[in-house]
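> Below are the sequence and a predicted model; questions follow.
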Amino acid sequence: MPIHFAELRRSLEAGFARSEQMRLGHQTPPASSVLQAACDAVFSSKTQAYREVLLGCLVVRLSDRGADIRLPYVDLGPRAFSGRTLDEQLVNPFLHAKSVPCSRGPYLSVFRRQVRFDASTRPGLKDKVGYDAFLDLVGMIEKEREESALLSFLDYVLFRFVLLREQAGIDLLRLERISLSQYRQLVAGLLARPSGGVLPSFLVLAMTQAIVSRFSLPWKVESQGINVADRASGTGGDITIREGNNILLTVEVTERPIDATRVQATFKHKIATAGLSDYVFLVHLNSIEESARQQAQKYFTQGYDVSLADIEQWLVNTLVTVGAKGRKLFQDRMIELLSGSETSTVLRVAWNEEIEKLTA
């Protein structure tokens, strides 16, 4: 049966996206202790080929249950497959596209000369412990026939590739000049990325810091961590701008829809108790319900500036206002935030991919 590379690439893309979201949420795909232990050995091995051909074996099994995943050379029998073709057309390009450390090709280095994935190949390998673990995993894959079980297996293996990328680190791309139209594209692309609210908060914080630096304002910009409760952190929102001891503006960056109930709760627990006179929700325009606007207007009549604004429009318009120097400061601040030790590599890759789109 022929291998459908386009279909398998879609499966890899979907599985990798799920794995990235689990990593952002500090979760791990379900896996048995035996599977985890074998993957520990394979993914810690200095022989990159083991994990690369493991991924190939998985996708072959998904594509054709009748194929013998221990025979990666077509001359080895009617049920064999072409491991090199699979690697060159699917596995290697996919790993490179996801910025995962990988070799130039396992079938050009470790697994040459029509080897079989069995004990007969073991004597010629340096890392025999890693290879034994790889064979254990191949055996597990052979036993699975149900697509759901194989996809679950794939999700865990892809998650380990995400962790591998985290360990390796990612250098952030920087462009010397980015036009306004390109910034519009960059902002829209980053806001569309699933990030658990991190990227929208980074964008707003970087922009606020750029404003202060660009115009040499005597302001102090304070921020709290994502998913940290405001009351626990002692702040009224995600970003607080102060001048001396006075709070000038409090900003709440959110991806969740805003209705009247949420505005009321924010007013009761944050705005009124802390005496915040100027409070802004930055959110996607289509996530603001009319009832929220009406409720905000009621508080305005009581002396509180509670505003709701579209985050993308605000970012783009402010980029116009701060000029070329301010836009460069914005990029610098974004790179600083993304370079933080606690920032997931998933977000760094997202930045790099959006930057690469600008020059594609």
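On my side now, so go ahead. Numbering: from 1, shown residues only.

> Can you tell me what sits against the biggest strand by length in the chain?
Looking across the chain with DSSP state E, the single longest strand is strand 246-253. Strand 246-253 is contacted from outside by 197, 200-201, 204, 208, 219, 235-242, 266, 270-271, 274, 276, 278-283, 311, using Cβ atoms under 8 Å, 6 or more residues apart in numbering. Every residue, glycine included, has its C-beta placed from N, CA and C.

> Give me the subset of these that lies in helices.
Using DSSP state H, the members of those that fall within helices are 200-201, 204, 208, 266, 274, 311.

> Going by distance to N317, which of those wins?
Distance to N317, by Cβ to Cβ, is smallest for I311 among these, at 11.0 Å.

> So what's the residue count around the residue nearest to the closest one when sequence neighbours are not counted?
In this structure, I311 finds its nearest non-sequential neighbour in L282, 4.2 Å apart by Cβ to Cβ, 6 or more residues apart in numbering. Using other Cβ atoms under 10 Å, L282 has 25 neighbouring residues.

> Surely L282 and T254 touch.
Yes - using Cβ atoms under 8 Å, L282 is in contact with T254, at 7.5 Å.

> Name the residues contacting each of those two.
Shared contacts of L282 and T254 (Cβ under 8 Å, 6+ apart): P200.

> quick one: the strand or helix carrying L190 to chain centroid distance?
Following DSSP states H and E, one finds L190 within helix 180-191. Helix 180-191 has its C-alpha centroid displaced from the chain centroid by 17 Å (Cα atoms, centre = their mean, to the nearest Å).

> got the contact list for it?
Contacts of helix 180-191 (Cβ under 8 Å, 6+ apart): 178, 199-200, 203, 284, 311-312, 315-316, 319-320, 327, 350-351, 354-355, 357-358.

> at 7 Å instead, please
178, 199-200, 203, 311-312, 315-316, 319-320, 327, 350, 354, 357-358 (Cβ atoms under 7 Å, 6 or more residues apart in numbering).

> Verify the stated contact: V59 with L8.
Yes - the criterion here is Cβ atoms under 7 Å, and V59 meets it with L8 at 4.9 Å.

> okay, and the common contacts of those two?
L90.

> mind listing the helices for the stretch 251-360 of the chain?
Using DSSP state H, counting those that start in this stretch, the helices of the stretch 251-360 of the chain run over residues 260-266, 272-274, 290-301, 311-338, 345-359.

> a markdown table for those helices, including mean pLDDT?
Converted to a markdown table, the helices of the stretch 251-360 of the chain look like this (pLDDT from 0 to 100):
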| stretch | mean pLDDT |
| --- | --- |
| helix 260-266 | 92 |
| helix 272-274 | 86 |
| helix 290-301 | 91 |
| helix 311-338 | 96 |
| helix 345-359 | 95 |
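
> Could I get these in a markdown table, plus columns for distance to Q27?
Shown next, in a markdown table, are the helices of the stretch 251-360 of the chain (distance: least, Cβ to Cβ, whole Å):
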| stretch | distance to Q27 |
| --- | --- |
| helix 260-266 | 26 |
| helix 272-274 | 33 |
| helix 290-301 | 31 |
| helix 311-338 | 22 |
| helix 345-359 | 13 |
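
> Compare the ones you listed and report which one is nearest to R65.
Of these, nearest to R65 by Cβ to Cβ is helix 345-359, at 32.5 Å.

> any idea of the angle the closest one forms with helix 180-191?
150 degrees (axes from the mean of the first three to the mean of the last three Cα atoms, to 10 degrees).

> which residues are contacting helix 345-359?
By Cβ under 7 Å, 6+ apart, helix 345-359 touches 20, 23-24, 99, 165-166, 169-170, 172-173, 175, 178, 182, 185-186, 189-190, 193, 195, 198-199, 338.
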